[in-house]
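Chemist: coordinates only, no sequence provided:
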């Protein structure tokens with residue numbers, strides 16, 4: 001059965017973490033999380049135990065899609081304030097807006113959910129992709145590359 005998203009109006013979020021430039025061909029996600037993961041416990045004022053994997057794509061990333069296109073990938077946690085930022089970390093202000101939120105269960109190595117979202121669900125929906133960051137919320141039931149892993153995939157949308 002094809003997943004049906006819930007449409008959510010998200011409030012702005014204040015985030016803290018690290019980032020790297022990468023592409024799908026030169027994917028450095030593992031390296032980014034290996035650097036950031038041990039630092040999470042040093043971050044004060046965390047909102048929850050959730051981790052956020054966020055992508056900032058260029059304006060035409062999806063119109064001229066190519067797996068070698070670069071984008072900025074962030075490993076983050078949500079915080080209440082950034083009065084104290086540990087060395088080596090940066091703040092990121094995620095603006096609010098409309099998102100299609102997909103509850104996904106399966107391996108993070110399986111990209112078929114993204115193929116479905118962008119090639120089937122989005123074109124068949126009343127929404128268009130909006131040019132804001134895309135992100136995944138990795139909660140307590142997230143297990144990297146585990147078939148039983150759970151995460152939320154947040155896709156920025158606007159009414160078509």
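Modeler: It's in. All figures in this text were calculated on a predicted structure; none of them were measured in a lab.

Chemist: how about the helices in this structure?
Modeler: With DSSP state H as the criterion, the chain has helices at 29-36, 112-116, 122-124.

Chemist: most packed of the ones you listed?
Modeler: Ranked by mean neighbour count under mean count of other Cβ atoms under 10 Å, the helices of the chain are led by helix 29-36, which reaches a mean of 16. For glycine as for every other residue, the C-beta is placed from the backbone atoms N, C-alpha and C.

Chemist: need the residues that contact it.
Modeler: Applying Cβ atoms under 8 Å, 6 or more residues apart in numbering, the external contacts of helix 29-36 come out as 17-20, 22, 53, 73-75.

Chemist: could you pull out the strands for this protein?
Modeler: Along the chain, counting by DSSP state E, strands occupy 6-10, 13-22, 51-56, 71-78, 90-94, 97-105, 127-129, 134-138, 150-159.

Chemist: as a markdown table, these with mean pLDDT, mean neighbour count and distance to residue 32 would be great.
Modeler: Formatted as a markdown table, the strands of the chain follow (pLDDT from 0 to 100; neighbours: other Cβ atoms under 10 Å; distance: least, Cβ to Cβ, whole Å):
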| stretch | mean pLDDT | mean neighbour count | distance to residue 32 |
| --- | --- | --- | --- |
| strand 6-10 | 97 | 12 | 23 |
| strand 13-22 | 97 | 18 | 5 |
| strand 51-56 | 97 | 20 | 9 |
| strand 71-78 | 98 | 21 | 5 |
| strand 90-94 | 97 | 15 | 13 |
| strand 97-105 | 96 | 17 | 20 |
| strand 127-129 | 96 | 17 | 24 |
| strand 134-138 | 97 | 21 | 13 |
| strand 150-159 | 96 | 19 | 16 |
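
Chemist: so which of those gets nearest residue 144?
Modeler: Across the strands of the chain, residue 144 has its closest neighbour in strand 134-138 (8.6 Å, Cβ to Cβ).

Chemist: which residues sit against that closest one?
Modeler: Surrounding strand 134-138, the residues in contact under the criterion Cβ under 8 Å, 6+ apart are 50-55, 57, 94, 151-156.

Chemist: wait, residue 2 sits on residue 117?
Modeler: No: between residue 2 and residue 117 there is no contact, the gap being 10.0 Å when judged by Cβ atoms under 8 Å.
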